[in-house]
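[1] Sequence and computational prediction follow.
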Amino acid sequence: MQPAPTSQDEGTYLSRLLEQLRSVNGARPRAADLPKVPAALRLYQVTAWITGIMLLLLCAEMVVKYGFGHWVYAFQPGQPIISFPIVNPATDPYLQGFNVSIAVLIAHGWLYVLYLFADFRLWSLMRMPFTKFVQIALGGVIPFMSFIVEGLITKQVKTYLAQNAPAQPAAQQPAQPSAQPGGTD
């Protein structure tokens, strides 16, 4: 197997891609948008985990269906709660119960749309480069990648927010207790 193509000053494509994903370079949110970023980050984190879990369920369902030739059904009459009938196009329309295989496909699709919305919201508030949006979006279609990308993005956004936290005006700072007459100091 040949090594990945490299450039003498840039490294391998994968290492450059990971470095770009880790880097905060290019983020330039407006000062008015900074208070909205923590909520957008939290929505992104939740949707990344849900999408990652659903993608793993989808992969398991695909292995059962295409690897072993079975559907996953729940509550089929006369069967255990979860059953695995053989995929047979002639009898499939007549199967009774809840088709878990189809439900996982549909749920992952719609939850991925929510993940893309959360990705877009965070990306637009942080005003990151478009390539960062694409990298985050791809995290929801590669198994285990949403967990990795979520960790990297969360770390970089929290670091950016910590480094660029707006200073509180003196009027909003908590008042210092003043010495009262007759009190002991």
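    Yes, it's here. Residues are numbered from 1 along each chain as shown.

[2] need the contact list for the residue lying closest to Ala74 once chain neighbours are set aside.
    Distances taken as CB to CB, 6 or more residues apart in numbering put Phe98 closest to Ala74, at 4.4 Å, once the chain neighbours are dropped. For glycine as for every other residue, the C-beta is placed from the backbone atoms N, C-alpha and C. For Phe98, the contacting residues are 73-75, by CB atoms under 8 Å, 6 or more residues apart in numbering.

[3] If you rank those residues by neighbours, which is first?
    Tyr73 (21 neighbours; other CB atoms under 10 Å).

[4] what about it, distance to Leu58?
    To Leu58, Tyr73 is 16 Å away according to CB to CB, to the nearest Å.

[5] On the three-state scheme, the nearest residue to Lys158 once chain neighbours are set aside is what?
    If the residues on either side of it in the chain are set aside, Lys158 comes closest to Leu41, at 7.5 Å by CB to CB, 6+ apart. Using DSSP: H, G, I helix; E, B strand; the rest coil, the structure places Leu41 in helix.

[6] Sitting in strands, which of the contacts of Phe98 do you find?
    73-74 (DSSP state E).

[7] which one among the contacts of Phe98 gets closest to Leu152?
    Nearest to Leu152 out of the contacts of Phe98 is Ala74 (CB to CB; 36.1 Å).

[8] My read is that that closest one contacts Ile82, right?
    Yes - contact status for Ala74 versus Ile82: in contact at 5.6 Å, counting by CB atoms under 8 Å.

[9] rewinding a little: and the residue nearest to Ala74, how far is that from Trp71?
    In terms of CB to CB, Phe98 sits 11 Å off from Trp71.

[10] before we move on, what about Gly140?
    From Gly140 over to Trp71 (counting by CB to CB), the distance is 25 Å.

[11] Likewise for Phe120?
    Taken as CB to CB, the span from Phe120 to Trp71 is 34 Å.

[12] Next up, the contacts around Ser83.
    Taking CB under 8 Å, 6+ apart as the test, what Ser83 contacts is 73-74, 76, 97.

[13] between Phe120 and Trp71, which one's more packed in?
    Using other CB under 10 Å, the more surrounded residue of Phe120 and Trp71 is Trp71, with 21 against 15.
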